[in-house]
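*Asks:* Mind looking at a prediction? Sequence and model below.
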Amino acid sequence: MLLAINGPFEEEDFDEMYWHDVHIHALAFSCETFQLFMDIDYIFAWVNPEPPDVSYSFWKAPCTLVFSYVYDFTADIETGFGLWIDKVIREDAGRPWNADYIKREQQWIWTFECQEGEFSFHAIDYQLFVRAQPTQTKSQVFSWEGLPLAVSP
């Protein structure tokens, strides 16, 4: 079976997306464009084990998550290596202070609750760029060695 995914996924898809156990490999900020980039291993589906196997498998793909017009980033994280998302919370933050300039009437407070702590920020939206078609594997993490942050596969 092949799980074909077409992206990018956007803020309008948020209620349909599942963030638990997604691994974050890298965070990067662009001061020029007010963007936050995250390289992640997004899990598109959890597959129940078939006896005698007792372990789940996962349909996952390397992805880059990009938030727009980011400000007020705060973090309280205690980790050596690795950052695993437990859940992502989106709260209404009203009209952006620069709404007339960016031509958007809604902004959000995004909170990433992770096993290692949490971080949050204001942003108007996001896009999730899928960098490769999902593959089924027993591990929840890909090796990202040599893969830079990017917004297109």
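*Replies:* Great, that's in hand.
*Asks:* how about the nearest residue to Val130, chain neighbours excluded?
*Replies:* Using C-beta to C-beta, 6 or more residues apart in numbering and skipping residues adjacent in sequence, the residue nearest Val130 is Gly7, 4.1 Å away. C-beta coordinates here come from the backbone N, C-alpha and C atoms, glycine included.
*Asks:* which residues touch the helix or strand where Asp86 lies?
*Replies:* Using DSSP states H and E, Asp86 maps to strand 85-92. Contacts to strand 85-92, defined as C-beta atoms under 8 Å, 6 or more residues apart in numbering, come from residues 14, 19-24, 40, 106, 108-115.
*Asks:* Quick one: the helices in this protein, in order.
*Replies:* In the chain, the segments counted as helices under DSSP state H are 99-102.
*Asks:* quick one: the strands in it?
*Replies:* 9-10, 23-30, 35-47, 57-68, 71-77, 85-92, 108-114, 117-123, 125-130, 135-137 (DSSP state E).
*Asks:* Pick the most buried one from those strands.
*Replies:* strand 57-68 (a mean of 22; mean count of other C-beta atoms under 10 Å).
*Asks:* Could you tell me the angle between it and strand 85-92?
*Replies:* On the basis of axes from the mean of the first three to the mean of the last three C-alpha atoms, to 10 degrees, strand 57-68 is oriented at 40 degrees to strand 85-92.
*Asks:* Direction included, what does strand 57-68 pair against?
*Replies:* Using DSSP bridges, strand 57-68 pairs in its sheet with strand 35-47 (antiparallel), strand 125-130 (antiparallel), strand 135-137 (antiparallel).
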